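Provided below are the primary sequence and the corresponding predicted coordinates.
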Amino acid sequence: MSKRIQSDSGAHGHSKAGTSGYMPPEMHGLHPPSRFPGIGANPMAGDIWSFGEIVHQLLTKCHTFKDNTALGHYVQDPALFPLKMLRHYNVSKDGVEFIQSCMAARPSARQQAVAALGHEWLKDVVPYRVESVWPHNATRLVLLEFPV
């Protein structure tokens with residue numbers, strides 16, 4: 001996932017470290033700041049992108065984008081999200097929507113982690129429940145056992 005850093009002033013940022021195929025477009029410098037103001041509004045957006053890439057690979061056995069050129073074209077025109085391999089492996093409409101929502105070109109449009117956990121497709125794939133944890137109302141994921 002992306003590497004988070006914290007400065008002495010307490011500000012959070014990211015350094016460019018990671019495996020290229022799992023890094024979101026903003027880590028590759030593919031977002032012109034004028035096109036997507038407030039790019040840092042969701043600090044976990046890069047991790048959500050990486051999760052979408054992992055899910056895509058688990059389902060198709062290949063990377064979502066063949067190279068950075070294809071990724072750059074997608075950033076410029078989100079209608080160019082590559083669906084060929086997802087269709088080849090008969091990924092359901094909900095599964096495709098889940099991956100696309102994790103890998104939205106604009107970081108602020110990507111799923112928040114809790115929303116991703118509540119996605120219908122994920123509920124069908126992994127049995128779990130989401131609990132609120134006292135005292136901070138943090139959210140935790142509880143995986144349920146598969147019936148034997």
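It's in.

Which positions in the helix or strand where Ser50 lies come out as buried?
Following DSSP states H and E, one finds Ser50 within helix 45-60. Neighbour counts over helix 45-60 (16 or more other CB atoms under 10 Å) mark 45-53, 55-56, 59-60 as buried. In short, each C-beta sits where N, CA and C put it, glycine included.

pLDDT averaged over it - what is it?
The average pLDDT within helix 45-60 is 93.

Contacts for it, please.
1-2, 14, 18, 21-27, 42, 62-64, 85-86, 88-89, 91, 95, 98-103, 107-108, 110-113, 116 (CB atoms under 8 Å, 6 or more residues apart in numbering).

switch the cut-off to 6 Å
The contact list for helix 45-60, computed with CB atoms under 6 Å, 6 or more residues apart in numbering, reads 1-2, 22, 24, 64, 85, 89, 91, 99, 102-103, 107, 110-111.

Could you grab the helix/strand/coil label for the nearest residue to Leu71 once chain neighbours are set aside?
Leaving aside its sequence neighbours, Leu71 sits nearest to Phe65 (CB to CB, 6 or more residues apart in numbering; 4.3 Å). Assigned by DSSP: H, G, I helix; E, B strand; the rest coil, the conformation of Phe65 is coil.
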